[in-house]
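Undergrad: attaching a predicted model along with its sequence, questions to come.
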Number of protein chains: 2
Amino acid sequence: MSAPHFDKVALIGLGLIGSSLGHAMKRAGLAKHIAGHARSEATRKRALEIGFVDSVHGSAADAVRDAGLVILCTPVGALGAIAAEIEPHLKKGTILTDVGSVKLAVIRDMGPHVPQGVHFIPGHPIAGTEESGPDSGFPELFDNRWCILTPVPGTDHEAVEKLSAFWTACGSTVDVMEPKHHDLVLAIVSHLPHIIAYNIVGTASDLETVTQSEVIKYSASGFRDFTRLAASDPTMWRDVCLNNKEPILEMLARFSEDLTALQRAIRWGDGDKLFDLFTRTRAIRRSIVDAGQDIAAPNFGRNPPHPKPGGESNQ
Amino acid sequence: MSAPHFDKVALIGLGLIGSSLGHAMKRAGLAKHIAGHARSEATRKRALEIGFVDSVHGSAADAVRDAGLVILCTPVGALGAIAAEIEPHLKKGTILTDVGSVKLAVIRDMGPHVPQGVHFIPGHPIAGTEESGPDSGFPELFDNRWCILTPVPGTDHEAVEKLSAFWTACGSTVDVMEPKHHDLVLAIVSHLPHIIAYNIVGTASDLETVTQSEVIKYSASGFRDFTRLAASDPTMWRDVCLNNKEPILEMLARFSEDLTALQRAIRWGDGDKLFDLFTRTRAIRRSIVDAGQDIAAPNFGRNPPHPKPGGESNQ
């Protein structure tokens, strides 16, 4: 299918994903008009200034009027209320989608508010950075990344094709998946890593015997890698935790079980067991690099190091 | 102190740190002759080819003869045996140091084998990548990174100054610390992050409900960040775990306690608690970037994404 063209697309939420979608649509020429809505007036003003939307609106209801594609880009906890608000204003034939990191809860919350004749297709682009807000977006965010669609049974095939072509034109490769399976996969590849990263950064900042300034100074020995995920948007991640509870708790239980076994191997000095685990994990990184999902350069390519502002004074 | 100059420096172990030290010494002109030893003949041959050493030797004893500075760059589990082997061959006045990530165990293992008149000063450059072997080194590895020295009581002051000037000439900033405190600091900033990374990658590869290919495909949503540390050298990390047991077990216990509290907040839907943790961790990343210990660019600067070899076939 060739790149789809919409007379009007509405972006509800103008943060990292919303702004990147605006840029990506502009780059590919996918919409005659992009209407945006954000709760904060400052965000709306900034979005217009940057220019990834053509108009901004104080209410989501105003933004979606006559749009052929409506994309909700807010934290998942807000989606139910937004769906209820825009329900009377969606035109027949519109495609309604979201970008949330959980899908069963989104279907539970938005499903009841989808009018007859509107094509609701939950979606999730597997792309992001630790930044947020309207200034954080860029057109290449979705390039060479996957986008998962989780249509519910009975969804119009043509609408799924059209949304799929839209994401392809934004740079992504589309996968279709059961919502329940999506939530399980994301619990391990995304939710657990973020929770663990938040947790270890919290543990490190609570020590009495090691100062926070020591943690920061020597962070290049490993710790800094975790701080990137732990700098992600707190509202988004609170909502993910609250809305994908069962799969997350299941993955946390497995992680903790494995960690207990590892801890035991350390306590009893079982070098063979440690060596065995530390060897087999190496292959996975290689596969990720081969699959084009990370760069091959050591240290994520961030060598050689950038200048250090305060270091000299410590000599 | 101006950059020190040694007639001969011996590097025992020619992996990431040994080869980077060779390159850094060449860059700064710190040695007239660099002698290298590695157990494997292939490594010795490769080191000579690359040229970060001037000679290679089949035994550590041969390599250290007449050297004014001897740097042991092997996994810490091997240091005791090497110290015993080279003991009769160290000349008076030589500085003997290491680069191991634990210090009390190194003092325990090497200390008994330090001849009268040899200055033993344990050291640890806080720098590395996930790569290993003689091809992984580069001269900038230590630039703008900290190097910690942990001299034992009674160490010759001038020798400490000279080793400190050596590391400064290699690009680092030097800190002096009690060995016990070093081991505690490193347990939280380096050892725990590596253990957690190895563990989560192990958990993800053991699932029955999510395939390994799914974990790899969607890894850009968070998981891939952990795979870098989990691709580190297995022997080195086995030895760290076996030789810094108490501090690591202490940090693991704190991490697990915190994780249990976080898990409980998820189970009971305590959004405020989650939001609170997810907010305060954000500031730490900012401090690390401000301290020059990581780059400010989103996604560690690895955007825009590189091409994806196999992705297209999935559409």
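TA: Looks like it came in fine.
Undergrad: and the nearest residue to residue A:191 once chain neighbours are set aside, helix, strand or coil?
TA: Leaving out its chain neighbours, the residue that sits closest to residue A:191 by C-beta to C-beta, 6 or more residues apart in numbering or on different chains is residue A:248, at 5.2 Å. C-betas here are computed from N, CA, C, even on glycine. With DSSP: H, G, I helix; E, B strand; the rest coil as the basis, residue A:248 sits in helix.
Undergrad: now for residue A:248: which residues touch it?
TA: Counting by C-beta atoms under 8 Å, 6 or more residues apart in numbering or on different chains, residue A:248 touches A:187, A:191, A:192, A:195, A:241, B:266.
Undergrad: from those, pick the one nearest residue A:179.
TA: Residue A:179 lies nearest to residue A:187 out of these, by C-beta to C-beta, at 12.7 Å.
Undergrad: can you tell me, leaving aside adjacent residues, what's nearest to that closest one?
TA: Sequence neighbours aside, residue A:247 is the residue nearest to residue A:187 in space, at 3.6 Å (criterion: C-beta to C-beta, 6+ apart).
Undergrad: give me the low-pLDDT residue ranges for chain A?
TA: Across chain A, the ranges flagged by pLDDT under 70 are A:1-2, A:303-315.
Undergrad: quick check: domain ranges of it?
TA: Annotated domains of chain A cover A:6-178, A:181-293 [automatic domain parsing].
Undergrad: so where do the strands sit in chain A?
TA: Using DSSP state E, the strands assigned to chain A run over residues A:6-12, A:31-37, A:55-57, A:69-72, A:95-98, A:119-120, A:123-125, A:146-149, A:173-176.
Undergrad: and of those, who's closest to residue A:273?
TA: Residue A:273 lies closest, by C-beta to C-beta, to one member of these: strand A:146-149, at 34.4 Å.
Undergrad: which outside residues touch that closest one?
TA: Strand A:146-149 is touched from outside by A:97, A:121-127, A:160, A:163-164, A:167, A:170, A:172-177, A:182, B:217-218, B:220, B:311, with contacts defined as C-beta under 8 Å, 6+ apart.
Undergrad: that one pairs with which strands?
TA: Partners of strand A:146-149 in the sheet, by DSSP bridges, are strand A:123-125 (antiparallel), strand A:173-176 (parallel).
Undergrad: buried ones in the longest one, by neighbour count?
TA: For strand A:173-176, a neighbour-count test (16 or more other C-beta atoms under 10 Å in any protein chain shown) marks A:173, A:174, A:175 as buried.
Undergrad: do stretch A:95-102 as well
TA: Buried residues in stretch A:95-102 (16+ other C-beta under 10 Å): A:95, A:96, A:97, A:98, A:99, A:100, A:101, A:102.
Undergrad: could you dump those residues to CSV with distance to chain B?
TA: Shown next, in CSV, are the buried residues of stretch A:95-102 (distance: C-beta to the nearest C-beta, whole Å):
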residue, distance to chain B
A:95, 19
A:96, 23
A:97, 18
A:98, 16
A:99, 12
A:100, 12
A:101, 8
A:102, 12
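Undergrad: count of neighbours near residue A:32?
TA: When neighbours are counted by other C-beta atoms under 10 Å in any protein chain shown, residue A:32 registers 12.
Undergrad: how about it: what's its closest non-neighbour residue?
TA: Leaving out its chain neighbours, the residue that sits closest to residue A:32 by C-beta to C-beta, 6+ apart is residue A:7, at 4.9 Å.
Undergrad: in chain A, what residue spans correspond to helices?
TA: With helices called from DSSP state H, chain A shows them at A:16-28, A:41-50, A:60-64, A:79-86, A:104-110, A:157-169, A:179-186, A:192-205, A:212-217, A:224-229, A:234-243, A:245-267, A:271-290.
Undergrad: only alpha carbons, please: show the third one as CSV.
TA: Taking Å, rounded to 0.1, in the frame of the first residue of the first chain, the C-alpha atoms of helix A:60-64 are listed here in CSV:
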residue,chain,number,x,y,z
ALA,A,60,-9.3,17.2,22.7
ALA,A,61,-12.9,17.4,21.4
ASP,A,62,-12.1,20.4,19.2
ALA,A,63,-8.9,18.8,17.9
VAL,A,64,-10.5,15.6,16.7
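Undergrad: against which helices or strands is it packed?
TA: strand A:6-12, strand A:31-37, helix A:79-86 (3 or more C-beta pairs under 8 Å, 6 or more residues apart in numbering or on different chains; DSSP states H and E).
Undergrad: return the most buried member of those.
TA: strand A:6-12 (a mean of 24; mean count of other C-beta atoms under 10 Å in any protein chain shown).
Undergrad: list the contacts of the closest residue to residue A:244 other than its chain neighbours.
TA: Once flanking residues are discounted, residue A:244 sits nearest to residue A:102: 4.3 Å by C-beta to C-beta, 6+ apart. Each residue near residue A:102 by C-beta under 8 Å, 6+ apart is listed here: A:76, A:183, A:186, A:240, A:243, A:244.
Undergrad: just the buried ones from those residues?
TA: Listed as buried from the contacts of residue A:102 are A:76, A:183, A:186, A:240, A:243, A:244; burial here means 16+ other C-beta under 10 Å.
Undergrad: give me phi/psi at the residue lying closest to residue A:220 once chain neighbours are set aside?
TA: Leaving aside its sequence neighbours, residue A:220 sits nearest to residue B:293 (C-beta to C-beta, 6+ apart; 5.0 Å). When quoted as degrees, to the nearest 10, the phi and psi of residue B:293 stand at phi -100, psi 0.
Undergrad: residue B:293: how many residues sit nearby?
TA: When neighbours are counted by other C-beta under 10 Å, residue B:293 registers 25.
Undergrad: what about residue A:180, neighbour count?
TA: By other C-beta under 10 Å, 13 other residues sit near residue A:180.
Undergrad: likewise residue A:129?
TA: Neighbour number of residue A:129 under other C-beta under 10 Å is 20.
Undergrad: spatially nearest residue to it (excluding sequence neighbours)?
TA: Distances taken as C-beta to C-beta, 6+ apart put residue B:298 closest to residue A:129, at 3.5 Å, once the chain neighbours are dropped.
Undergrad: how many residues are close by that neighbour?
TA: There are 18 residues near residue B:298, going by other C-beta under 10 Å.
Undergrad: identify the residues contacting it.
TA: The contact partners of residue B:298, taken as C-beta under 8 Å, 6+ apart, are A:129, A:130, A:131, A:136.
Undergrad: switch the residues you listed over to a markdown table; also include distance to residue A:25.
TA: Listed next are the contacts of residue B:298 as a markdown table, based on distance: C-beta to C-beta, whole Å:
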| residue | distance to residue A:25 |
| --- | --- |
| A:129 | 19 |
| A:130 | 23 |
| A:131 | 20 |
| A:136 | 17 |
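Undergrad: which of those residues lies closest to chain B?
TA: Of all the contacts of residue B:298, the one with the least separation from chain B (C-beta to the nearest C-beta) is residue A:129, at 3.5 Å.
Undergrad: next one: phi and psi at the closest one?
TA: Dihedral angles for residue A:129 - degrees, to the nearest 10 - are phi -140, psi 180.
Undergrad: for residue B:297, see how far away it is.
TA: From residue A:129 across to residue B:297, the span is 9 Å (C-beta to C-beta, to the nearest Å).
Undergrad: go on, residue A:165?
TA: From residue A:165 to residue B:297 the distance is 31 Å (C-beta to C-beta).
Undergrad: same question, residue A:77
TA: To residue B:297, residue A:77 is 29 Å away according to C-beta to C-beta.
Undergrad: higher neighbour count, those two?
TA: residue A:77 (18 against 14).
Undergrad: what sits against the closest residue to the more buried one other than its chain neighbours?
TA: Distances taken as C-beta to C-beta, 6+ apart place residue A:239 nearest to residue A:77, at 3.7 Å, with adjacent residues excluded. Taking C-beta under 8 Å, 6+ apart, we find residue A:239 in contact with A:75, A:76, A:77, A:78.
Undergrad: the third one is in contact with residue A:238, isn't it?
TA: If I follow you right, that is residue A:77. Yes. Using C-beta atoms under 8 Å, residue A:77 is in contact with residue A:238, at 7.4 Å.
Undergrad: surely residue A:168 touches residue A:174?
TA: Yes. Between residue A:168 and residue A:174 there is a contact under C-beta under 8 Å: 6.2 Å.
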